[in-house]
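Chemist: Fold the stuff below for me.
(one chain, ligands or ions: 1)
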Amino acid sequence: MQKIFKHIGTIVFIGFIILSACKQPAKTIKPGEIWLDNNGVHINGHGGGILYHQGTYFWFGEHKIEGKAGNKAYVGVHCYSSDDLCTWKDEGIALSVVEDTTSMIVKGCIVERPKVIYNAKNKQFVMWFHHELKGMAYKAAMTGVAVSDRVTGPYTYLRSVNPNPMCWPIDYADSLKTKDYNFEQVKRWSPQWQEASKQGVFLQRDYKRGQMARDMTLFVDEDGTAYHIHSSEENQTLHVAELNEDYTDFSGRYARVLEGKSNEAPAIFKRGDKYYMISSGCTGWKPNAARSAVANHPFGPWTELGNPCRGTEKEMQTTFQSQSTYVLPVQGAKDSFIYLGDRWTPENAIDGRYIWLPIEFSEDKPVIRWHDEWSLNTFN
Ligand code: GAL
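Modeler: Numbering: from 1, shown residues only. Predicted coordinates for the structure are as follows:
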């Protein structure tokens, strides 16, 4: 009799465990809402990117403060970690801006769109970010690099540069290297101006001092080659630039892509043997229609695939009120990618929201639709 009771007890206990597991709400992502970290604070990781390392996702983003001041860097780059992409633990500030007024990363400079990659050869984490110098608005157009032996940091700032001085892009016609555009006479945004910028008038101008680098991302290919992709040439043309072996400098090999098409906010991912890019146009903090493109190599040529968003006219014209920052491959789910975007709030920068949406594919083209709430089960 006692035995029977014991068995019944065990069965009831197991049933209880199963039932309570089933009752657990699926962990979900709610684009545009307040996203609380483990301390109950809205996640402060704007313009971010994610590194998957040894079973954990690490999110790095711009730490913003309240008000308009938050559009500049007064804290640095914030890091969070997660196993499920829905619950996030605050890992603190990975890269700090400093009080030292002689440092290039003095408080009040601009640090945007930080991305971290892992270099398996020397076991180092390498962070790159769009860097503008204090008091110079967006004129410097530099990219900064910092390294750490620990994924969550602290990262040691190395330097900021205008990439690839004295290097011409691959496949760039000799005749254009010395072309005289007689540019002083040319009216900004006139067809002649646009044609000259497409051909490389700004590339030629910046040849000696190094190229402009504003909105940026990083991409590591399966063979370990890392690329730094940035809006260059007055935001007219993207540069896809190879990094050196330890990922802390440029190798000197780079390509101009989508020349004269004014792409910002590039995010690159690989599906099968194709490379895809999601990007935006140039309208500052205001959202615009996303773009997409495909190539057989990061250096291109890239073929434009149009606006990946599907929805109402407004949703399509504003990318669901967001601007791309990264595309995350979901681990353990083949061909599963998440669009990561920012809904900027420049009047109160800290309140910016995160628009993360699953990417579908239709005829080998990326497609993004709105979801109020969704879970990773979407990819099953
Ligand atoms: C956007 C860019 C942001 C930020 C902003 C400043 O176009 O994507 O990262 O630089 O301009 O106005």
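Chemist: for stretch 58-71, which positions count as buried?
Modeler: By neighbour count on 16 or more other CB atoms under 10 Å, the buried set for stretch 58-71 is 58-65, 70-71. C-beta: built from backbone N, CA, C; applies to glycine.
Chemist: Could I get these in a markdown table, plus columns for secondary structure and distance to the ligand?
Modeler: A markdown table is the format used below for the buried residues of stretch 58-71 (DSSP: H, G, I helix; E, B strand; the rest coil; distance: CB to the nearest ligand atom, whole Å):
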| residue | secondary structure | distance to the ligand |
| --- | --- | --- |
| Phe58 | strand | 21 |
| Trp59 | strand | 17 |
| Phe60 | strand | 14 |
| Gly61 | strand | 11 |
| Glu62 | strand | 9 |
| His63 | strand | 14 |
| Lys64 | coil | 12 |
| Ile65 | coil | 16 |
| Gly70 | helix | 12 |
| Asn71 | helix | 7 |
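Chemist: biggest separation within these, which pair?
Modeler: Using CB to CB, the two most remote members of the buried residues of stretch 58-71 are Phe58 and Asn71, lying 24.4 Å apart.
Chemist: returning to that earlier point: return the closest of the buried residues of stretch 58-71 with respect to Ile229.
Modeler: Phe60 (16.6 Å).
Chemist: right, and the closest one touches Ala94 too?
Modeler: Yes - applying CB atoms under 8 Å, one finds Phe60 in contact with Ala94, separated by 6.0 Å.
Chemist: list the residues that contact both of those two?
Modeler: Residues touching both Phe60 and Ala94 (CB atoms under 8 Å, 6 or more residues apart in numbering) are 77-79, 114, 116, 127.
Chemist: so can I have TSV of the residues you listed showing neighbour count and secondary structure?
Modeler: Output for the shared contacts of Phe60 and Ala94, formatted as TSV (neighbours: other CB atoms under 10 Å; DSSP: H, G, I helix; E, B strand; the rest coil):
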residue	neighbour count	secondary structure
Val77	28	strand
His78	24	strand
Cys79	29	strand
Pro114	31	strand
Val116	29	strand
Met127	27	strand
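Chemist: ok, Ser336 - how many residues close by?
Modeler: 18 (other CB atoms under 10 Å).
Chemist: show me the contacts for it.
Modeler: 329-330, 358, 379.
Chemist: Now these in CSV, please, with extra columns for secondary structure and pLDDT.
Modeler: Below are the contacts of Ser336 laid out as CSV (DSSP: H, G, I helix; E, B strand; the rest coil; pLDDT from 0 to 100):
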residue, secondary structure, pLDDT
Pro329, strand, 98
Val330, coil, 97
Pro358, strand, 98
Phe379, helix, 94
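Chemist: For the residue in the chain that the ligand sits nearest to, grab phi and psi.
Modeler: Per CB to the nearest ligand atom, Gly284 is where the chain lies closest to the ligand, at 3.7 Å. Main-chain dihedrals, Gly284, degrees, to the nearest 10: phi 60, psi -140.
Chemist: per-residue pLDDT, it?
Modeler: In this model, Gly284 is scored at 98, pLDDT.
Chemist: and it, how many neighbours?
Modeler: Residues near Gly284, counting by other CB under 10 Å, number 11.
Chemist: Excluding chain neighbours, what is closest to Pro329?
Modeler: Leaving aside its sequence neighbours, Pro329 sits nearest to Phe337 (CB to CB, 6 or more residues apart in numbering; 5.6 Å).
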